[in-house]
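In: Have a look at this prediction, sequence included:
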Amino acid sequence: MSKGFNGKTVLVTGGTGSIGSEIVKQILTYEVNKVIVLSRDEIKHLMFKKKIKDERLETIIGDVRDIKSVMPVFDRFKIDIIYHAAAMKHVIVSERYPNECAKTNINGTQNIVDLAVRYNVPQLITISTDKAASPVNVMGCTKYIAEMITLNANYSCVRFGNVANSRGSVIPVFIDSMLKDKKIIITDPEVTRFMFTIPDAVKLVIKATNHTKGGDLFILKMRAFRLGDLLDVMLDRIAPRLGLSKEEIRVEEIGLVPGEKLNEELVNESETNRMYELDDMYIILKDNSLSPTYENLDKVELESYGSNDVELITKDELEKIVTDYLYNS
């Protein structure tokens, strides 16, 4: 795998975010020529440079929504691989600000793809989400369109579910609410969501880089958790570590909010007949004609791939995930 990065120049949009920064860290373990981090948050840039000291790292302030601010990067560097991780990813925020979500997820993706095509970048992988599989909310719809923009240009996408302990995700939100307000707000204890750790998700993103031939959509095999199980872990096992008792924590159940589903899907009905298995991921091809690269893969016979169809993460495993967050935060 490492030879695929030897001497390459890699651009990571949204490179100071949870997924983007992990991509940068893992790519720097290979013999790359340069890794360029593009994001619009100057504070995150400063923190990132202090945290990762590597002469191959270049941080650039720019906004994917403004093609003129990104074009100088392509003029200055001969880019070989792009990981497009810049996105608005929060369902509730996107529902509140749909135009802003569209500017980032649709216009931003179109800008990056257009520049990749114009400057003959060999590989581009857009990071996507399970919300794009059968979208019912603004964020999901914009990410689905981002996928189509990417795939139609013969580049590739990687789609996965919730990333454990990423900024704004459920575990950090629960911890913060417990400490500040002694309260946990949940939608419905029967909600299920796919979950992956950040390092494991990025390992498969990088693996997909080695397999993609363009126009393919990679689906990471993921397990899921039940929200009620996570709530139990927070109350019974985590609260005492925070100096709180279970009885002190108020639980407020508000029901599903607009744009939310009880269970998520990683694959929609139109994709299941073009789905092939590759170790720890699936590949959805543009059509059913297998290239020599994929000719030994087995076709997958699945009617659905939802968070209620897969093995659930146990409470012990959830406790370890939360513990890792507490230890590293």
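Out: Happy to help now that I have it. Residues are numbered from 1 along each chain as shown.
In: Looks like residue 119 contacts residue 79 (just checking).
Out: Yes - using Cβ atoms under 8 Å, residue 119 is in contact with residue 79, at 6.8 Å. Any C-beta I mention is one placed from the backbone N, CA and C, and that applies to glycine too.
In: Quick check on the two: which one has the bigger neighbour count.
Out: residue 79 (22 against 15; other Cβ atoms under 10 Å).
In: distance of the more buried one from residue 23?
Out: 14 Å (Cβ to Cβ, to the nearest Å).
In: neighbouring contacts of stretch 273-289?
Out: 151, 204, 207-208, 211, 215-221, 267, 271, 290, 294, 297-300, 302, 305 (Cβ atoms under 8 Å, 6 or more residues apart in numbering).
In: Could I get the buried residue list for that stretch?
Out: Within stretch 273-289, the residues that count as buried by 16 or more other Cβ atoms under 10 Å are 274, 275, 276, 278, 281, 282, 283, 284, 285.
In: which two from those residues end up farthest apart in space?
Out: Farthest pair in the buried residues of stretch 273-289 (Cβ to Cβ) is 274 and 281. Separation: 14.5 Å.
In: and residue 193, how many residues sit next to it?
Out: Residue 193 has 20 nearby residues by other Cβ under 10 Å.
In: so is residue 317 in a helix, a strand, or just coil?
Out: Here residue 317 is helix, with the state taken from DSSP: H, G, I helix; E, B strand; the rest coil.
In: dump the residue contacts of residue 66.
Out: So residue 66 contacts residue 111 (Cβ under 8 Å, 6+ apart).
In: Could you do the one 4 residues further on as well?
Out: For residue 70, the contact set (Cβ under 8 Å, 6+ apart) comprises 38, 62, 63, 64, 111, 112, 115.
In: I'd guess the third one is in a helix, am I close?
Out: No - with three-state DSSP as the criterion, residue 63 is located in coil rather than a helix.
In: I'd say it and residue 41 touch.
Out: No - taking contacts as Cβ under 8 Å, residue 63 lies outside contact range of residue 41: 10.0 Å.
In: what residue ranges in the stretch 201-329 of the chain score low on pLDDT?
Out: Under the criterion pLDDT under 70, the flagged ranges of the stretch 201-329 of the chain are 288-293.
In: In it, mark out all the strands, start to finish.
Out: Here the stretch 201-329 of the chain has its strands, by DSSP state E, counting those that start in this stretch, at 217-220, 223-226, 250-253, 265-267, 275-278, 281-284, 298-299, 305-306.
In: now do the stretch 51-200 of the chain
Out: 57-61, 81-84, 123-129, 156-160, 162-164, 183-186, 192-197.
In: Make a ChimeraX selection of the buried ones in the contacts of stretch 273-289.
Out: Only the buried members of those enter the following ChimeraX selection, criterion being 16+ other Cβ under 10 Å:
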select :151,204,207,208,215,216,217,218,219,220,221,267,271,297,300,305
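In: right, and residue 84 touches residue 147 too?
Out: No - contact criterion Cβ under 8 Å: residue 84 and residue 147 do not qualify, at 10.9 Å.
In: Quickly list what's touching both of these two.
Out: residue 126.
In: So which of those two has more stuff around it?
Out: Using other Cβ under 10 Å as the criterion, residue 84 and residue 147 rank with residue 84 on top: 27 against 20.
In: how far away is the residue nearest to that one when sequence neighbours are not counted from residue 54?
Out: Using Cβ to Cβ, 6 or more residues apart in numbering and skipping residues adjacent in sequence, the residue nearest residue 84 is residue 126, 4.5 Å away. With distances taken as Cβ to Cβ, residue 126 is found 25 Å from residue 54.
In: Between the two, which is the more surrounded one?
Out: Neighbours per residue, other Cβ under 10 Å: of residue 126 and residue 54, the larger number sits with residue 126, 28 against 13.
In: contacting residues for the more buried one?
Out: 84, 109, 146, 147, 150, 155, 156, 157, 158.
In: that older thread, possible to save the contacts of residue 70 as CSV with pLDDT, neighbour count and distance to residue 17?
Out: Shown next, in CSV, are the contacts of residue 70 (pLDDT from 0 to 100; neighbours: other Cβ atoms under 10 Å; distance: Cβ to Cβ, whole Å):
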residue, pLDDT, neighbour count, distance to residue 17
38, 97, 27, 11
62, 95, 20, 14
63, 97, 19, 14
64, 98, 26, 12
111, 99, 23, 17
112, 99, 28, 15
115, 99, 21, 20
